[in-house]
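A.B. asks: make a model of this:
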Amino acid sequence: MDKSNDVLKGAPRLGATRRHPPAPRLKGGDAPITKAPLKRARREAVARVASEGPTRWMYEAAIPFNAVTYPSFQPMIEAIGQYGVGMKGPTFHEGKNGCSIMSDGWTDRKERTLVNFLVNCSKGTMFMQSIDASSMIKMGEKMFELLDKWVEQVGEENVIQVITDNHSTKEQKGKTIANTVLMPSFWNTIVFCLKVSGPLVRVLRLVDGEKKTPMGYIYEVMNRAKDAIVRSFNGNEEKYKEIFNIIDKRWEIQLHRPLHVVGYFLNPEFFYDKPKIEHDAEIMSDLYKCILRLTRDPAKQEKVVAEVSLFTNSQGLFGNELVVRTRKTRAPG
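C.D. replies: Numbers count the residues shown, from 1 in each chain. Purely as a prediction, here's the structure:
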């Protein structure tokens, strides 16, 4: 008998579909084990690590993070990814892709002011000219004309920046600063800033301090800060109205919480000296908000209200001689 026929019997027919064994399954009837999730997880991990590089570079170079929205950003990332490992970034001169016109002023032994003009590019730095600028160093317009001449000679399309280091520029800036400082409006602005910032700084010191728990004091201190600002402007609302709008907006967003109000309400140092606190609609509203948030049990809510009544009427433990004597010397907590 021809043994080749036996061999062919075990072979698949031409055009027949080869059946692969089913993928192994985990215990408990879980889905089959595949490599796709592992590859996807590895790819996501690599992407996270890769994105840390540009982010760290942007942070060190003080580049605004909204630069990632520029149309050229994503193509740059894809181009780097296509190159792969080992790509070297552009050098300082390659990044500039142009030349710089530089002027450097200095004084020689004869007390003459000399200015050197140089051109810097990726090939190096080339000296162009040195002139005696003693008669024109205080004339900013003349120095501009000299720099403009070199820009035209090199070609405006080739110049990416002009770097100057001369006496006229510094002297002009110095005069501008001196004139600004001597203006009455400058000092009026400084006084305005001090009147506004002084009370607010005291609030910040309380929040960051460790001597007293700020929760029971921040509401009162903020009120005192606003009162101090009003007094500093002699009650002229036009001078502090805009500032109060900014303070109130920031207060509502970051600092004003019902819990802060309750801390103020339950602070004996303030409550017993200010009977109006108990009749303030905003304060009482925030108090009941906190009680409702504290517990949903009606019986417990009523018990808390009863305890609050003891506090407001200075009854029970709150009327103890020692407690009364230390209302203003011990921080609540």
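A.B. asks: in contact with M284, which residues?
C.D. replies: In this structure, M284 makes contact with E278, judged by C-beta atoms under 8 Å, 6 or more residues apart in numbering. Any C-beta I mention is one placed from the backbone N, CA and C, and that applies to glycine too.
A.B. asks: could you verify that F127 is part of a strand?
C.D. replies: Yes: looking at F127 with DSSP: H, G, I helix; E, B strand; the rest coil, it is inside a strand.
A.B. asks: ok, what's across the strand from it?
C.D. replies: Beta-bridge pairing for F127 (DSSP bridges): L118.
A.B. asks: cool, and the one 5 residues further on?
C.D. replies: Residues found in beta-bridge contact with D132 (criterion: DSSP bridges) are L114.
A.B. asks: for it, give its distance to K110.
C.D. replies: Between D132 and K110 the distance is 10 Å, computed by C-beta to C-beta, to the nearest Å.
A.B. asks: so the two - more neighbours on which side?
C.D. replies: Neighbours were counted for D132 and for K110 using other C-beta atoms under 10 Å; D132 has more, 13 against 8.
A.B. asks: domain assignment for this protein?
C.D. replies: Domain segmentation of the chain under automatic domain parsing yields 36-87, 97-176, 184-325.
A.B. asks: any stretches of the stretch 1-150 of the chain with poor pLDDT?
C.D. replies: Applying pLDDT under 70 to the stretch 1-150 of the chain flags residues 1-35, 92-96, 137-141.
A.B. asks: tell me where it has helices.
C.D. replies: Taking DSSP state H, counting those that start in this stretch, the helices of the stretch 1-150 of the chain run over residues 3-9, 36-60, 73-83, 92-96, 140-154.
A.B. asks: tell me which of the ones you listed is the most buried.
C.D. replies: Highest mean neighbour count among the helices of the stretch 1-150 of the chain (mean count of other C-beta atoms under 10 Å): helix 140-154, with a mean of 14.
A.B. asks: please export the C-alpha coordinates of that helix as PDB.
C.D. replies: Taking C-alpha atoms only, helix 140-154 is exported to PDB below (Å, rounded to 0.1, in the frame of the first residue of the first chain):
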ATOM      1  CA  GLY A 140      19.500 107.400  20.900                       C
ATOM      2  CA  GLU A 141      18.300 108.400  17.400                       C
ATOM      3  CA  LYS A 142      21.900 108.500  16.000                       C
ATOM      4  CA  MET A 143      22.700 105.000  17.400                       C
ATOM      5  CA  PHE A 144      19.500 103.700  15.900                       C
ATOM      6  CA  GLU A 145      20.600 105.100  12.500                       C
ATOM      7  CA  LEU A 146      23.900 103.300  12.800                       C
ATOM      8  CA  LEU A 147      22.200 100.000  13.700                       C
ATOM      9  CA  ASP A 148      19.700 100.400  10.900                       C
ATOM     10  CA  LYS A 149      22.500 100.900   8.400                       C
ATOM     11  CA  TRP A 150      24.000  97.500   9.400                       C
ATOM     12  CA  VAL A 151      20.600  95.800   9.200                       C
ATOM     13  CA  GLU A 152      20.200  97.100   5.600                       C
ATOM     14  CA  GLN A 153      23.700  96.000   4.700                       C
ATOM     15  CA  VAL A 154      23.300  92.500   6.000                       C
END
